[in-house]
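Undergrad: When you get a sec, could you give me coordinates for this:
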Amino acid sequence: MERRTFLGGVAALGFAGPAFAQKGGAPEKTSVRLGVGGKPLLYYLPLTVAERKGLFKEEGLDVEINDFGGGAKSLQSLIGGSVDVVTGAYEHTIRMQAKNQKIQAVCELGRFPAIVIAVKKSLAGEIKSPADFKGRKIGVTAPGSSTAITAQYAMVKSGLKPTDAAFIGIGGGAGAVAAVKKGEIEVISHLDPVISKLDGDGDIQIMIDTRTEAGTKALFGGSNPAAVVYAKHDFIASHPNTMQRIVNAHVKALKWLASATPEQVADLVPPEYHLGDKPLYLRAVKNSLESYSRTGIIPLSGMESVLDMLRRLDPALADAKIDLAATFDDRFVKAAGS
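TA: Now for the predicted structure:
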């Protein structure tokens with residue numbers, strides 16, 4: 001996607017100038033614990049930008065970031081009360097509603113999943129489609145996370161059951177790369193920069209690619225929101241000014257990403273995020289730019305797409321009554337851009 005197109009979309013956010021940091025009243029809580037599942041992944045790049053650019057501090061917040069092995073673990077930490085807010089997959093808001101847990105998204109960070117499903121290159125002749133995943137070892141960030149769910153959805157669409165393969169948590173950084181290179185897994189469902197590193201090294205053959213709009217439509221039939229900022233409804237209700245400032249920081253991060261070059265991104269993030277190969281990291285950033293949210297608002301069609309996916313995977317959700325409007329509170333994004 002051309003950069004001017006991306007910039008045009010971001011203009012819809014209506015970003016303000018220097019006064020933007022003043023959006024929202026005095027925060028009810030200035031020390032915030034935030035959970036994330038695999039922070040070095042480009043899926044969560046807006047969070048890293050907000051941290052490294054000092055955007056949380058501009059908003060008067062001291063944000064402690066807790067990095068877990070995968071999105072499912074971040075969700076567990078929120079439910080358990082060890083973090084206040086999470087940057088994680090939108091789908092968790094739906095799953096929790098079905099369990100009578102009121103979790104709400106407040107800002108979309110990724111409009112496409114940006115998840116890639118690939119097979120170890122030496123097995124490409126045997127594993128030609130998700131229909132061949134039965135009995136295979138599939139590496140994901142963590143079982144139950146969006147990487148696992150996306151692979152399961154591809155399997156179900158190919159006529160398999162979501163339990164027909166073994167899902168192995170390999171984390172989100174160098175350990176994931178090593179798991180493929182050591183032959184510990186046969187298929188990988190993962191994100192950049194891990195995917196770009198493995199692809200560049202010739203270790204994998206890409207099968208499904210949701211980093212782009214075309215690839216997302218091919219798997220899901222339409223848009224499919226990815227990373228969001230979410231929290232418990234009770235926390236949002238009792239800390240509206242704090243939430244506003246958290247959203248302000250993420251929206252400013254999206255604005256910075258819209259005009260930043262891959263080189264600027266690579267220079268901003270910690271060097272270990274490059275996985276020892278900065279040129280490959282640059283290509284990974286270019287591959288991922290199309291996936292970031294343009295408006296910060298989750299479209300209804302995207303919510304419906306995720307719900308349809310979950311209903312097909314989880315019998316407990318097949319007939320569950322889900323109020324999609326209750327999964328996303330758009331007030332904070334709208335206020336950030338006003």
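Undergrad: Which residue in the chain shows the largest distance from the geometric centre?
TA: Gly125 (30.7 Å; Cα atoms, centre = their mean).
Undergrad: Look up phi and psi at that one.
TA: With angles defined as degrees, to the nearest 10, Gly125 sits at phi -70, psi -20.
Undergrad: what residues are up against it?
TA: Gly125 is in contact with no residue at all, counting by Cβ atoms under 8 Å, 6 or more residues apart in numbering. Yep, even glycine has a C-beta here, placed from its N, CA and C like the rest.
Undergrad: Read off the pLDDT value for it.
TA: With respect to pLDDT, Gly125 scores 95.
Undergrad: One more: the one 10 residues further on?
TA: According to the predicted model, the pLDDT of Gly135 comes to 98.
Undergrad: okay, now it: neighbour count?
TA: As a burial measure, Gly135 scores 9 neighbours (other Cβ atoms under 10 Å).
Undergrad: these two touch, right, it and Ala165?
TA: Yes: here Gly135 reaches Ala165: they are 6.8 Å apart, a contact under Cβ atoms under 8 Å.
Undergrad: any idea how far stretch 150-166 is from the chain center?
TA: Mean C-alpha position of stretch 150-166 versus that of the full chain (Cα atoms, centre = their mean, to the nearest Å) differs by 20 Å.
Undergrad: could you give me the average pLDDT of that stretch?
TA: Averaging pLDDT along stretch 150-166 gives 96.
Undergrad: quick one: buried residues of that stretch?
TA: Across stretch 150-166, burial judged by 16 or more other Cβ atoms under 10 Å covers 150-157, 160, 162, 164-165.
Undergrad: Next: stretch 118-133.
TA: For stretch 118-133, the neighbour count (16+ other Cβ under 10 Å) marks 118-120, 123, 127, 130, 132-133 as buried.
Undergrad: what about this structure, any weak spots by pLDDT?
TA: 1-24, 338 (pLDDT under 70).
Undergrad: show me the contacts for the residue nearest the centre of it.
TA: When Cα atoms, centre = their mean is applied to the chain, the residue found nearest the centroid is Ala227 (3.0 Å). Listed by Cβ under 8 Å, 6+ apart, the contact set of Ala227 reads 43-44, 46, 87-90, 108-110.
Undergrad: Let's see which of those end up in helices.
TA: Residues of the contacts of Ala227 located in helices (DSSP state H): Pro46.
Undergrad: would you turn the contacts of Ala227 into CSV with neighbour count and distance to Glu28?
TA: What follows is those, written out as CSV (neighbours: other Cβ atoms under 10 Å; distance: Cβ to Cβ, whole Å):
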residue, neighbour count, distance to Glu28
Tyr43, 33, 29
Tyr44, 24, 25
Pro46, 29, 23
Thr87, 27, 20
Gly88, 32, 23
Ala89, 31, 27
Tyr90, 24, 25
Glu108, 27, 24
Leu109, 28, 23
Gly110, 27, 28
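Undergrad: Closest to Gln205 out of the contacts of Ala227?
TA: Tyr43 (21.5 Å; Cβ to Cβ).
Undergrad: Which two of the buried residues of stretch 118-133 have the greatest separation?
TA: Farthest-apart pair in the buried residues of stretch 118-133 is Lys120 and Pro130; separation 14.7 Å (Cβ to Cβ).
Undergrad: Who are the packing partners of the biggest helix by length in the chain?
TA: For the chain, the longest helix by residue count, based on DSSP H, is helix 240-259. In terms of contacts (3 or more Cβ pairs under 8 Å, 6 or more residues apart in numbering; DSSP states H and E), helix 240-259 is packed against helix 3-10, strand 31-37, helix 45-52, helix 55-58, strand 85-89, strand 103-108, strand 227-232, helix 331-336.
Undergrad: Take these and write them to JSON lines, including distance to Leu191.
TA: Converted to JSON lines, these look like this (distance: least, Cβ to Cβ, whole Å):
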{"stretch": "helix 3-10", "distance to Leu191": "19"}
{"stretch": "strand 31-37", "distance to Leu191": "11"}
{"stretch": "helix 45-52", "distance to Leu191": "10"}
{"stretch": "helix 55-58", "distance to Leu191": "22"}
{"stretch": "strand 85-89", "distance to Leu191": "11"}
{"stretch": "strand 103-108", "distance to Leu191": "17"}
{"stretch": "strand 227-232", "distance to Leu191": "10"}
{"stretch": "helix 331-336", "distance to Leu191": "23"}
